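In: sharing a model prediction with you, sequence too.
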Amino acid sequence: MKFNKLLGIVGAASIILGVIGGCAPKQKKSTNENMDIKKEIVGQVDGKDVYQFTLTNAGGMSAKVLSYGAIVTHLYAPDRDGKMENVVLGFDDPAQYWTEPYINDAPYFGSVVGRYGNRIAQGKFTLNGKEYLLATNNGPNHLHGGLKGFDKVVWDAEPVMTEEGQGVKLTYNSVDGEEGYPGNLTISITYTLTKDNCLKCDYSGTIDQPCPVNVTHHGYFNLTGGAKTNVLGHEMQIMADRYTVVDETLIPTGELRPVAGTPMDFTEPHTIGERIDQVEGGYDHNYVLSDDVTELRPVATVKEPVSGRSLEVLTTEPGVQFYSGNFLLGNLTGSGGVVYNKHWGFCLETQHYPDSPNQPTFPSTILEPGEKYSHTTVYRFGN
Ligand code: BGC
């Protein structure tokens, strides 16, 4: 792999450290072989440098990824006229992500959440006869890995060029006992911006003691481009005929209820806003896709009629959390100076069902020593 050192000041805060590119084999007609993966240092957290990588493809799409929290800060996708605009919520200034007001607001913009994405009831679970206690950081429950989950740590990061496109591989070593979870876990996510306009997320991991692991990308999408309006006009389709019913603290009761005949039914396309008033609090539910990890298949499609942009989600995971940005309350001003009000973005977090460690009938999330944690989710953009 070629590594060109290109020291120079870019803007006030960032220094270009290097660019990586030109590693596509000559015989391969790579569509973006002449472009480089930009790597900039954008700050320091916990005494570690934080980098931002910029991935591009020949179609003109680009994605910016931070080594802090494995956060996708920007993702530019074409509208029906080919105009590239940002389709995710986040901040232009990376330092915003580690400010106290942002952390307290807890939207988890664009990050990877874990060890356990979504909720664990009462912050505890029992495994092989031993009870483990976790932080209760969301009412009475544990959410998204605890007080300092994977969204708030600095990951090791390396650029990767493959046949599919430009990528960045982020790896984090989570030690035994971190946030109350057992076992030393090594977890990686590789984001690849593919030639066919996908953001591909490949997760992998290993552990030395059994532990529940459920890691997901927590991106908020707004396909208007530049988050011009809320997302209530987006047309959503989710290929799931059941969802996990939750109590008032958003913990599953164990029931898998058919969506048919209810405002939860997105088996045919509906705008997000059409029936949202009939769903208490808005959409924040896990849709049941399958009984376990499976082959990569399409699970959701979203269309934004004004821009013409669309998003197709494919995953190997058994569930997807459709969250309609109900807790965005106008407290945060994001990229381009846009105030993020209620329903300004939606998430489709591919995952295992919430609270699986306490729900014996749900597909197991226990990663055992010697096993490989592995799943893939693809966000495909169309216009
Ligand atoms: C959860 C929401 C939560 C949001 C931000 C989603 O995954 O389901 O309840 O508010 O993340 O933390």
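Out: Perfect, thanks for sending it. Source: prediction; values computed, not measured. Numbers count the residues shown, from 1 in each chain.

In: count of neighbours near Thr271?
Out: Neighbours of Thr271 under the rule other Cβ atoms under 10 Å: 15. Just so you know, the C-beta spots here come from the backbone N, C-alpha and C atoms, and that holds for glycine as well.

In: my guess is it contacts Gln237. True?
Out: No: at 10.8 Å, Thr271 does not count as touching Gln237 under the criterion of Cβ atoms under 8 Å.

In: ok, Thr294 - contacts?
Out: Thr294 sits next to 316, 318 when contact means Cβ atoms under 8 Å, 6 or more residues apart in numbering.

In: and it, how far from the ligand?
Out: 22 Å (Cβ to the nearest ligand atom, to the nearest Å).

In: distance of that residue from Glu312?
Out: Distance, Thr294 to Glu312, by Cβ to Cβ, to the nearest Å: 17 Å.

In: Leu134 too?
Out: From Leu134 to Glu312 the distance is 34 Å (Cβ to Cβ).

In: OK, contacts around Thr350?
Out: 216-217, 299, 313, 315, 317, 319-320, 375, 377.

In: can I get these in JSON lines with pLDDT?
Out: Shown next, in JSON lines, are the contacts of Thr350 (pLDDT from 0 to 100):
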{"residue": "Thr216", "pLDDT": "98"}
{"residue": "His217", "pLDDT": "98"}
{"residue": "Val299", "pLDDT": "98"}
{"residue": "Val313", "pLDDT": "98"}
{"residue": "Thr315", "pLDDT": "98"}
{"residue": "Glu317", "pLDDT": "98"}
{"residue": "Gly319", "pLDDT": "98"}
{"residue": "Val320", "pLDDT": "98"}
{"residue": "His375", "pLDDT": "97"}
{"residue": "Thr377", "pLDDT": "98"}
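
In: excluding chain neighbours, what is closest to the residue nearest to the spatial centre of the chain?
Out: By Cα atoms, centre = their mean, the chain has its centre lying nearest to His217, at 1.6 Å. Closest residue to His217 apart from its sequence neighbours, by Cβ to Cβ, 6 or more residues apart in numbering: Cys201 at 5.2 Å.

In: would you check that that neighbour makes contact with Arg380?
Out: No: Cys201 is beyond contact range of Arg380, at 11.8 Å (criterion: Cβ under 8 Å).

In: more neighbours: these two, which one.
Out: The neighbour count for Cys201 versus Arg380, taken as other Cβ under 10 Å, is higher for Cys201 (23 against 18).

In: tell me which element that one falls in.
Out: Using DSSP states H and E, Cys201 sits in strand 198-207.

In: and the closest residue to Thr56 other than its chain neighbours, how far from Ile41?
Out: Nearest residue to Thr56 in three dimensions, chain neighbours excluded: Ser62, at 4.6 Å (Cβ to Cβ, 6+ apart). According to Cβ to Cβ, Ser62 and Ile41 sit 19 Å apart.

In: which residues of the stretch 251-383 of the chain fall in strands?
Out: 252-258, 270-271, 284-288, 297-303, 310-315, 319-323, 347-351, 366-367, 373-382 (DSSP state E, counting those that start in this stretch).

In: partner strands of the longest one and their direction?
Out: So the one you mean is strand 373-382. Strand 373-382 has the following strand partners under DSSP bridges: strand 198-207 (antiparallel), strand 310-315 (antiparallel).

In: and the angle for the first one with strand 347-351?
Out: To tie it back to what came earlier, the one meant is strand 198-207. 40 degrees (axes from the mean of the first three to the mean of the last three Cα atoms, to 10 degrees).

In: what helices and strands are in contact with the helix or strand following strand 198-207?
Out: Toward the C-terminal end, the helix or strand that comes next after strand 198-207 (DSSP H and E) is strand 211-212. Secondary-structure packing of strand 211-212 (3 or more Cβ pairs under 8 Å, 6 or more residues apart in numbering; DSSP states H and E): strand 124-127, strand 366-367.

In: adjacent strands (with direction) for strand 211-212?
Out: Short version: by DSSP bridges, strand 211-212 pairs with strand 366-367 (antiparallel).

In: contacts for the partner strand next, please.
Out: So strand 366-367 is contacted by 127, 185, 205-207, 210-213, 357, 373 (Cβ under 8 Å, 6+ apart).

In: please redo it, this time with the cut-off set to 7 Å
Out: Identification of contacts with strand 366-367 by Cβ atoms under 7 Å, 6 or more residues apart in numbering yields 127, 205, 207, 210-213, 373.

In: same check, this time on stretch 91-109
Out: Contact with stretch 91-109 is made by 42-43, 45, 50, 52, 66, 68-69, 71, 73, 89-90, 144, 151-152, 218, 220, 327-328, 331-332, 334-335, as judged by Cβ under 7 Å, 6+ apart.

In: so which of those residues are in helices?
Out: Of those, none are assigned to helices by DSSP state H.

In: which of those residues count as buried?
Out: Buried subset of the contacts of stretch 91-109 (neighbour count, 16 or more other Cβ atoms under 10 Å): 42-43, 45, 50, 52, 66, 68-69, 71, 73, 89-90, 144, 151-152, 218, 220, 328, 332, 334-335.

In: tally of neighbours for the residue nearest to Phe327 when sequence neighbours are not counted?
Out: Spatially, and ignoring its direct neighbours in sequence, Phe327 is nearest to Pro107 (7.0 Å; Cβ to Cβ, 6+ apart). By other Cβ under 10 Å, the residues close to Pro107 number 24.
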